[in-house]
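Peer 1: here are the coordinates; sequence isn't available:
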């Protein structure tokens, strides 16, 4: 028996950001253990606008575990010392947003890389609407979860719906879109995403494995366990997926390496990066792309 489900997603031009707003530190990407302390985290800035504002020293706070060292000093521009990271990202977004010309931002990356959480931070800062492709597909298929869709209809059915959703979204403006981990494997999806700006959130596989295990794998249809150590099994599967998709992720206009962000700020582990810190780096990398 052949089952067909038509795509009928209604996509409003705007979403009430009050419904999706989150606090900058509300999500911990990975487990943080030990006594919490505050580290000073400088930020470098070099914005597009010719009319540069003059600010005071840049310092904002990030929670990190006690065994990690404070951030090292990097080149900074100035903002008032009283600014926190949420104000910094808002300030940067206000200067970059006119140069986007309404283009959508598509976040790509492996499962567990934080595309949805970072996407909500970016959409709030830019005044954009936010969409999660997986959620839109689930709504289209009668509320079934991604895992259920894979089980009932197969991966190819899911990918077809994913492409249709991206096609619809690509006709709109001023969106931040979180894509599924496998959206990059179909060339047609890139044709849709390249109407906007695509951003690869590149997270170390070890950190992804830790987060996926902590969150559980019921919603991850491409992660399967047999007997044995869950971390080893997850790492093996993630490694295989990345080998298949790595070159495809590199098609993104912008790459944001969590490892590089952590190293630049003197952290040994990407778990110390808040979604807002990552969002700031996304905007700075988009700035660099727009300047080319």
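Peer 2: Yep, that arrived. Just so we're clear, the structure is a prediction, and the values are computed from it rather than from any experiment.
Peer 1: drop to CA atoms for contacts and neighbour counts, all remaining ones
Peer 2: Noted.
Peer 1: For residue 148, see how far away residue 276 is.
Peer 2: Going from residue 276 to residue 148 by Cα to Cα, to the nearest Å gives 32 Å.
Peer 1: These two: which has the busier surroundings?
Peer 2: With neighbours defined as other Cα atoms under 10 Å, residue 276 and residue 148 compare such that residue 276 has more, 28 against 16.
Peer 1: quick one, phi psi at the more buried one?
Peer 2: Residue 276 adopts backbone torsions of phi -70, psi -40, taken as degrees, to the nearest 10.
Peer 1: pretty sure it is touching residue 118, no?
Peer 2: Yes: using Cα atoms under 8 Å, residue 276 is in contact with residue 118, at 7.1 Å.
Peer 1: Determine the set of other helices and strands touching the longest helix that the chain contains.
Peer 2: Longest helix in the chain, counting residues (DSSP state H): helix 230-249. For helix 230-249, the packing partners by 3 or more Cα pairs under 8 Å, 6 or more residues apart in numbering; DSSP states H and E come out as helix 205-215.
Peer 1: now the longest helix of the chain and helix 205-215, what's the angle there?
Peer 2: 120 degrees (axes from the mean of the first three to the mean of the last three Cα atoms, to 10 degrees).
Peer 1: Would you mark the buried spots in helix 230-249?
Peer 2: Neighbour-count burial for helix 230-249, counted by 16 or more other Cα atoms under 10 Å, picks out 233, 234, 235, 237, 238, 239, 241, 242, 245, 246, 248, 249.
Peer 1: quick check, nearest of those residues to residue 213?
Peer 2: The closest of the buried residues of helix 230-249 to residue 213 turns out to be residue 234 (Cα to Cα; 7.8 Å).
Peer 1: Verify the stated contact: that closest one with residue 207.
Peer 2: No: at 11.1 Å, residue 234 does not count as touching residue 207 under the criterion of Cα under 8 Å.
Peer 1: What is the burial count for residue 181?
Peer 2: A count of neighbours around residue 181, defined by other Cα under 10 Å, yields 20.
Peer 1: mind checking the SS state of the closest residue to it other than its chain neighbours?
Peer 2: Of all residues not flanking residue 181 in the chain, residue 110 sits nearest, at 4.7 Å (Cα to Cα, 6 or more residues apart in numbering). At residue 110 the chain is in coil, as set by DSSP: H, G, I helix; E, B strand; the rest coil.
Peer 1: how far away is residue 110 from residue 89?
Peer 2: From residue 110 over to residue 89 the distance is 24 Å, taken as Cα to Cα.
Peer 1: swap in residue 253?
Peer 2: Taken as Cα to Cα, the span from residue 253 to residue 89 is 20 Å.
Peer 1: of those two, who's got more company?
Peer 2: Between residue 253 and residue 89, counting by other Cα under 10 Å, residue 89 is the more crowded of the two (24 against 18).
Peer 1: Correct me if wrong: that one contacts residue 281.
Peer 2: No: look at residue 89 against residue 281 with Cα under 8 Å: they stay out of range, at 9.1 Å.
Peer 1: quick one on the thing from earlier: helices and strands around the helix or strand following the longest helix of the chain, which ones?
Peer 2: Counting by DSSP states H and E, the element after helix 230-249 in chain order, helix or strand, is strand 254-257. Contact partners of strand 254-257 among helices and strands, from 3+ Cα pairs under 8 Å, 6+ apart: strand 197-202, helix 275-291.
Peer 1: Please identify the most buried of these.
Peer 2: Most buried of those, by mean neighbour count (mean count of other Cα atoms under 10 Å): strand 197-202, with a mean of 22.
Peer 1: what does it rub up against?
Peer 2: Residues outside strand 197-202 that contact it (Cα atoms under 8 Å, 6 or more residues apart in numbering): 103-110, 113-115, 249-250, 252-258, 282, 286.
Peer 1: Swap in 10 Å and give it another go.
Peer 2: With contact meaning Cα atoms under 10 Å, 6 or more residues apart in numbering, strand 197-202 is reached by 100, 103-110, 113-115, 118, 176-178, 190, 193, 246, 249-260, 278, 282-283, 285-286, 289-290.
Peer 1: Which among these count as buried?
Peer 2: For these, a neighbour count by 16+ other Cα under 10 Å gives the buried set as 103-110, 113-115, 118, 176-178, 190, 193, 246, 249-259, 278, 282-283, 285-286.
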